[in-house]
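Peer 1: I would like the atomic coordinates for the input below:
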Amino acid sequence: MDRRKFIGQAATGAAAITVIPRHVMGGKGFIAANDRVNLGYMGVGKQSYTLLNSIGECKESVVVAASDVYGLKLDKFVKAAEAKNNEKGIKAKVEGFKYYRELLEQPGIDAVVIASPDYWHAQMAVDAAKAGKDIYCEKPLALTVAEGRAMVNATRKYGRVFQTGNMQRSWRDFRHAVELARNGYIGDIKEINVSVGEPVKHCDIPTEEAPPTLDWNEWVGPSLYQGYNHIFAPDVDDDSWAWWRGYRHFGGGLVTDWGAHMFDIAQWALDMDNSGPVQFNPPEKPAKTGLFFKYANGVVVNHKQWGEPNAVQIIGTDGRIEVSRRFLRTFPEEGLAAAELKSTDKRVYYSDNHYQDWIDAMKSRTKPISDVETGQRTSSVCNIINIAYELQRPLTWDPGKEQFVNDDYANMMVSRPYRGKWDFTDF
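Peer 2: Reported below is the predicted structural model:
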């Protein structure tokens with residue numbers, strides 16, 4: 001679908017039929033308290049089913065549309081989404097679209113769920129904001145720093161509600177760890193260790209014949225072309241995680257995949273949701289961990305295997321906190337992990353359900369717990385880590401300007417090359 005045609009239609013409201021009739025309306029972007037929130041899913045790989053089930057538990061949500069360029073996967077998801085609607089007592093047909101821009105033309109859709117590969121996030125999110133849809137977008141927010149900033153700018157320009165999929169912020173143990181750290185229970189924070197896997201790498205796999213119902217050229221979309229391999233887009237009955245995430249131009253390796261979760265907790269603990277580090281120092285190759293970065297306040301964060309996989313260790317002058325999805329531990333006072341905070345302690349945004357928090361924010365037109373700016377700051381950290389590992393030299397970063405200091409070559413890597421008609425900046 002031609003992008004200029006899409007932009008013209010989105011801007012004028014000249015769209016197709018309404019997917020589901022709306023019974024209580026109060027103007028564009030308004031969602032009445034008891035109204036359904038009509039959702040369209042863009043990208044229906046493995047993660048989309050996790051979101052279908054989790055967001056589907058929110059009583060207001062109903063899936064009305066989905067899009068994907070892999071026909072068999074789209075058909076499978078449409079059936080699953082209709083079954084989820086039926087399970088909730090909602091008789092709603094789910095329309096399937098090959099192209100996500102056709103989905104965005106449907107005026108009956110309030111919001112979209114972006115579960116596509118990372119390299120599609122910016123284009124889809126900017127187009128969704130332009131079309132007047134609120135947005136839930138999986139982590140990491142963006143493949144590059146520049147793409148993430150464009151997503152923030154489009155969200156603000158069109159007044160959309162945007163939740164990033166850093167759902168650990170809605171988990172009790174991570175929230176409690178952050179509040180303990182911020183309130184000085186382990187003294188002043190000096191260092192944080194984050195154990196996640198390796199950085200992104202260049203593609204080194206052979207080309208195979210693509211499945212007949214997969215439009216491979218459209219799957220590659222805005223990225224530099226790479227031939228099909230089943231690890232990028234597994235067969236419809238293959239339940240393994242697609243490994244596009246490990247390769248440059250598609251993903252950011254485990255540094256962004258798990259790092260978007262764990263470096264996010266470091267950012268949160270340091271109250272850096274509107275800023276970031278100022279210096280990045282990589283180890284010498286072939287090391288795949290060992291990079292460290294520093295904030296202006298002197299706190300150092302290490303990309304380091306410190307003994308627990310996919311976990312965060314916060315070290316203070318008087319103790320430490322260790323947290324993951326499996327545990328929350330505090331030293332030397334073990335009881336802090338279960339203790340209630342004092343009434344005088346500073347608290348962070350409270351959410352115990354990441355998905356309901358998004359729905360509630362849409363209804364109140366407020367920012368959710370992991371707003372697009374928050375997602376941008378975390379994904380930027382991850383993206384710059386990959387740049388530092390690639391360039392193999394120290395980098396100085398200006399988090400206000402989102403540029404490297406006196407480093408033209410590194411600044412070229414803040415963005416990336418695109419092919420053909422794809423351009424996420426036109427909004």
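
Peer 1: going by C-alpha atoms from here, please, whenever you check contacts or count neighbours.
Peer 2: Noted.

Peer 1: double-check V113 against Y41; I have them as touching.
Peer 2: Yes - using CA atoms under 8 Å, V113 makes contact with Y41 at a distance of 4.7 Å.

Peer 1: where's R149, which helix or strand?
Peer 2: Secondary-structure element containing R149, defined by DSSP states H and E: helix 145-157.

Peer 1: could you point out the helix or strand that follows that helix?
Peer 2: Read in the C-terminal direction, the helix or strand following helix 145-157 is strand 162-164, with elements assigned using DSSP H and E.

Peer 1: pairing partners for that next one, with directions?
Peer 2: Sheet pairing of strand 162-164 (DSSP bridges) gives strand 134-137 (parallel).

Peer 1: next one: the strand it pairs with to chain centre, how far?
Peer 2: Distance, stretch centre to chain centre, for strand 134-137: 9 Å (CA atoms, centre = their mean, to the nearest Å).

Peer 1: which residue is nearest the centroid of the protein?
Peer 2: K139 (2.0 Å; CA atoms, centre = their mean).

Peer 1: check contacts around that residue.
Peer 2: Taking CA atoms under 8 Å, 6 or more residues apart in numbering as the criterion, K139 is in contact with D118, T164, G165, N166, D257, A260, H261, G375, S379.

Peer 1: spatially nearest residue to the third one, not counting backbone neighbours?
Peer 2: For G165, ignoring the flanking residues on the chain, the nearest one in space by CA to CA, 6 or more residues apart in numbering is E138 at 4.4 Å.

Peer 1: I figured the one you found was touching A115, is that so?
Peer 2: Yes - with contact defined as CA under 8 Å, E138 counts as touching A115 (5.6 Å).

Peer 1: returning to what we had before: give me the contact list for the helix holding R149.
Peer 2: 122, 125-126, 129-130, 141-142, 161-162, 372-373, 376, 379-380, 383-384, 402, 414-415, 424-425, 427.

Peer 1: one more time with 6 Å
Peer 2: With CA atoms under 6 Å, 6 or more residues apart in numbering as the contact definition, helix 145-157 has outside contacts at A122, V126, A129, A142, V372, E373, Q376, S380, V414, S415.

Peer 1: return the set of buried residues in it.
Peer 2: Of the residues in helix 145-157, those buried by neighbour count under the rule 16 or more other CA atoms under 10 Å are V145, A146, E147, G148, R149, A150, M151, V152, N153, A154, T155.

Peer 1: and N183, how many neighbours?
Peer 2: Around N183 there are 17 other residues, counting by other CA atoms under 10 Å.

Peer 1: cool, and the one 5 residues further on?
Peer 2: Other residues near D188 number 16, with proximity taken as other CA under 10 Å.

Peer 1: what of T213?
Peer 2: Neighbours of T213 under the rule other CA under 10 Å: 12.

Peer 1: returning to that earlier point: could you verify my assumption that the residue nearest to G165 touches Q163?
Peer 2: No - the criterion here is CA atoms under 6 Å, and E138 misses it with Q163 at 8.6 Å.

Peer 1: neighbour count winner among those two?
Peer 2: Set E138 next to Q163 and count neighbours by other CA under 10 Å: Q163 wins out with 31 against 23.

Peer 1: so what's that one up against?
Peer 2: When contacts are counted by CA under 6 Å, 6+ apart, Q163 touches Y136, S370, D371.

Peer 1: the same query, at a cut-off of 8 Å, please.
Peer 2: Residues touching Q163, when contacts are defined by CA under 8 Å, 6+ apart, comprise I135, Y136, C137, W358, P368, I369, S370, D371, V372.

Peer 1: R393: which of the residues you listed is nearest?
Peer 2: Within the contacts of Q163, distances to R393 taken as CA to CA reach their minimum at V372, with 29.7 Å.

Peer 1: for the closest one, what are its contacts?
Peer 2: L141, M151, V152, T155, F162, Q163, T164.

Peer 1: ditto for S324
Peer 2: F174, N310, A311, V312.

Peer 1: what do you get for F232?
Peer 2: Counted by CA under 8 Å, 6+ apart, F232 has contacts A242, W243, W244.

Peer 1: who wins for most neighbours among those residues?
Peer 2: W244 (21 neighbours).

Peer 1: for this structure, which spans come out with low pLDDT?
Peer 2: By pLDDT under 70, the low-scoring segments of the chain are 1-34, 421-427.

Peer 1: domain boundaries for it, per the record?
Peer 2: Annotated domains of the chain cover 3-168, 169-199+255-412 [automatic domain parsing].

Peer 1: redo those as CSV? Include distance to A233.
Peer 2: Supplementary listing: the domains of the chain in CSV, determined by distance: least, CA to CA, whole Å:
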stretch, distance to A233
domain 3-168, 8
domain 169-199+255-412, 16
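
Peer 1: quick one, which of the ones you listed gets closest to W216.
Peer 2: Across those, the minimum distance to W216, taken as CA to CA, is reached by domain 3-168, at 7.9 Å.

Peer 1: nearest to Y228, out of the domains of the chain?
Peer 2: It's domain 3-168; of those, that one is closest to Y228 (CA to CA) at 12.5 Å.

Peer 1: is K73 in a helix, a strand, or coil?
Peer 2: helix (DSSP: H, G, I helix; E, B strand; the rest coil).

Peer 1: that one and M42 touch, don't they?
Peer 2: No - the pair K73 and M42 does not pass the contact test of CA under 8 Å, sitting 11.8 Å apart.

Peer 1: which one's more surrounded, these two?
Peer 2: Of the pair K73 and M42, M42 is the one with more neighbours under other CA under 10 Å, namely 30 against 21.

Peer 1: most neighbours of all the contacts of S324, which one?
Peer 2: The member of the contacts of S324 surrounded by the most neighbours (other CA under 10 Å) is V312, with 30 neighbours in all.

Peer 1: all helices of the stretch 301-427 of the chain, in order?
Peer 2: Applying DSSP state H, counting those that start in this stretch to the stretch 301-427 of the chain gives helices spanning 354-364, 372-391, 408-412.

Peer 1: pull out the buried positions in the shortest one.
Peer 2: Of all the residues in helix 408-412, those buried under the rule 16+ other CA under 10 Å are A410.
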